[in-house]
Structures are given as structure tokens and as C-alpha cells.
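> I'd like to go over a predicted model; first the sequence, then the structure.
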Amino acid sequence: MRMPMIAGNWKLHKTRAEAAELINGLKSELAGLAGVEVVVAPPFTALETAAAALAGSGILLAAQNCYPEPTGAFTGEVSPLLLKDAGCRYVIVGHSERRQLFGESDEFINRKVHALVRDGLGVILCIGETLEEREADRMFDVLRRQVRHGLKGLAPEAMAGVVVAYEPVWAIGTGKTATDEQAQEAHAFVRALLREQFGPDVADATRILYGGSVKPGNVDGLMTQPDVDGALVGGASLKTEEFARIARFQPA
Ligand code: 13P
């Protein structure tokens, strides 16, 4: 009942020309693919080019960040409305790189979630523990805090536009994926948190993606887990064949 989502987070990669080339490759590799929502998240400067290249393809556009105000004196920031105007359907918020490198708090991320819901954009909310937190047995506490605060104050109906991405920080860009069992354990816990916060219907309907060194060689096992509803892919989303194979995952 949950439509799988495979999303590519390009991070700080790809000029406009490179973005168009990657998207054109994906369009031909993924033509006719059904039963999965495919999303790409280029950097801001390539969004408009990407939107034009994606037109009519069924692949959806996402941005990697936003500021939680519609307009105003916020030099260097981009609002949900501007991203919607550029053709975005989703915005990634709370990525661990933004939490760690740019000091973003759960409260600030929660403001972004509310702004996106208000302006009719889908949210991909990233959560995940560091290695230090996992080793100190604090993984569940961290995930609980990030889910509770990140989604605080949302009406259950608003959750229809929210996707959660579990990205253990130790698995991001390290080539060290969570095992299928580690991913399932965390995802089941997150679903239980959603049940507490929003009730069983929302918990059953909300997609929870796994992110962290997802590759063609491990996606099938991850997607076989009952609570893994898709993937948020970094490095492997920059290469047409790798991302296309991930989008064509084959669960056992
Ligand atoms: P990698 O797939 O490169 O580990 O990155 C994951 C990620 O951070 C996606 O948001």
C-alpha cells in the first residue's frame, strides 16, 4: 500500500549541463518503469534546467534545503514558494550534513517542515544517529527526539505529504551500509514512533526510506525488509546506470 520511493540526493554536484545529461540518461533507462516514485534532488542552480529536462517523464524534482519563510530579508536563502515555482514537488530537510556542518536544530527543521506543508510541497525529513550515539546505546533516544521534534505540531492529515528518511550518519558516504536487519530495526522503531504521535493509519501510510551507501548491490536486500519503503541515495545517484538499477530494485 506504500508506493516505494527512490530519491537521488545529488548534494553539491552537477552543473546545469551535467544535470541535463544525467536526467536524459535516466529518462531512457527508466522509461516504462511503474510502481515506484523516482525523485532527483539537484543543487539549486540546476533546478530549472532539471525541471525542463524532466517534463513529461514521471520523474519528480526535489530541492535539498529551504528556508522557512516565504519572502523577506534573508540573504542567501530560498523559500518553499520559490522552489515550487522552480518545479519542485519535494524538499529534503534535516539532512545530517545540514545538522552537523550548518548547526541546524530540530526546532529549525520543524519550522521548515511546517513551511513546506503550508505551501503544498512534499517533505523528505532526514533523521539518523552518529556512530558515537549508536555505540553509546543512544540510537533510539536520538531517533525519538528527531521524529518528535521534527514533526511536532503537524496534523495527522499533513503527514500525507511527509516522507521520513532514516540515514545513519556512519553509513553516509562511507561505503558501510547498515545491514538489512539494522535498517529494519530502525525503520520499525520509527514506524512505532509515528504510531504514537499520529495514530496507526498515518504510521501504516508513511514511507520510510533508508539512506547511507545504497548501491545496486545492496538495494534488493534492503527493499526486501517490510518497513523499508525506498532509498535516499547519495553517491550512486550521480551515475545513470547505478541509479537506474537502484530504481529497478528487485526485492526477494
Ligand atoms: P551516500 O549514498 O553517498 O552514502 O549518501 C547518502 C545520503 O546522504 C543521501 O542523502
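The structure has been received and is ready for your questions.
> switch to C-alpha atoms for all contacts and neighbour counts from now on
Will do.
> Quick check: phi and psi on A7?
The phi/psi pair for A7 (degrees, to the nearest 10) reads phi -120, psi 140.
> Apart from its neighbours in sequence, what residue is nearest it?
Of all residues beyond its chain neighbours, the one nearest A7 is V39 (4.4 Å), with distances taken as C-alpha to C-alpha, 6 or more residues apart in numbering.
> what does I59 give?
V38 (5.2 Å).
> Quick check: the one you found touching I23?
No: because the distance of 11.4 Å does not satisfy C-alpha atoms under 8 Å, V38 is recorded as not touching I23.
> Of the two, which one has the most company?
Neighbour comparison, V38 and I23: the larger count goes to V38, with 24 against 21 (by other C-alpha atoms under 10 Å).
> ok so that one is a strand residue?
Yes: in this structure, V38 lies within a strand as judged by DSSP: H, G, I helix; E, B strand; the rest coil.
> which residues does it contact?
With contact set as C-alpha atoms under 8 Å, 6 or more residues apart in numbering, V38 has these partners: 5-7, 58-60, 247.
> can we see that at 6 Å?
Counting by C-alpha atoms under 6 Å, 6 or more residues apart in numbering, V38 touches 5-7, 59.
> got it, and L125?
Taking C-alpha under 6 Å, 6+ apart as the criterion, L125 is in contact with 93-94, 164-165.
> Adding pLDDT, neighbour count and distance to the ligand, write those residues out as TSV.
What follows is the contacts of L125, written out as TSV (pLDDT from 0 to 100; neighbours: other C-alpha atoms under 10 Å; distance: C-alpha to the nearest ligand atom, whole Å):
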residue	pLDDT	neighbour count	distance to the ligand
V93	98	28	10
G94	98	26	10
V164	99	25	11
A165	98	28	8
